[in-house]
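Q: Test case, fold it:
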Amino acid sequence: QVQLVESGGGLVQPGGSLRLSCAASGFTFSNYAVSWYRQAPGKERELVAAITIFGSSTNYADSVKGRFTISRDNAKNTAALQMTSLNAEDTAVYYCNAQARDAFGRRLSYWGQGTQVTVSS
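A: This is a model prediction of the structure:
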């Protein structure tokens, strides 16, 4: 059974930090690129950060560059999003996504259930 389980969300004050984790099971995690998305109330889901299968390349949304760091540990089938200097605009549900292409070129995409991050004083 394919699973992506996020954890680490919560309430944090402006300027604070949080570390989100994503635990994968039921598929070969090391074959999948990993991304973190977020969706704030009334807004579309947006890409926050992405990392390639070996972690050699990362990309970030402009709004989080210099504040967020995405990482992965293929040996442990986990990924993480370290978030610093959080502000109210970072409040959202954060989702972990794993994506790959199968042997026929078809896109495979798995999502976690999401974890709430609320930045408020």
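Q: most residues in a single strand of this protein, which one?
A: Using DSSP state E, we find that the single longest strand of the chain is strand 92-101.
Q: Restricting to C-alpha, output it in PDB.
A: Provided in PDB are the C-alpha atoms of strand 92-101 (Å, rounded to 0.1, in the frame of the first residue of the first chain):
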ATOM      1  CA  ALA A  92      -1.300  26.700   4.800                       C
ATOM      2  CA  VAL A  93      -1.700  22.900   4.600                       C
ATOM      3  CA  TYR A  94       1.600  21.500   3.400                       C
ATOM      4  CA  TYR A  95       1.600  18.400   1.200                       C
ATOM      5  CA  CYS A  96       4.300  16.000   0.200                       C
ATOM      6  CA  ASN A  97       4.300  14.700  -3.300                       C
ATOM      7  CA  ALA A  98       6.400  11.900  -4.900                       C
ATOM      8  CA  GLN A  99       6.500  11.800  -8.700                       C
ATOM      9  CA  ALA A 100       8.100   9.600 -11.400                       C
ATOM     10  CA  ARG A 101       7.500   8.100 -14.900                       C
END
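Q: And the next helix or strand past it?
A: Per DSSP states H and E, strand 92-101 leads on to strand 107-111 as the next helix or strand towards the C-terminus.
Q: Residues touching the next helix-or-strand element following that following strand, excluding its own?
A: Going down the chain from strand 107-111, the next helix or strand is strand 115-119, by DSSP H and E. With contacts defined as C-beta atoms under 8 Å, 6 or more residues apart in numbering, strand 115-119 is touched by 6-14, 16, 18, 20, 38, 83, 86-94. C-beta: built from backbone N, CA, C; applies to glycine.
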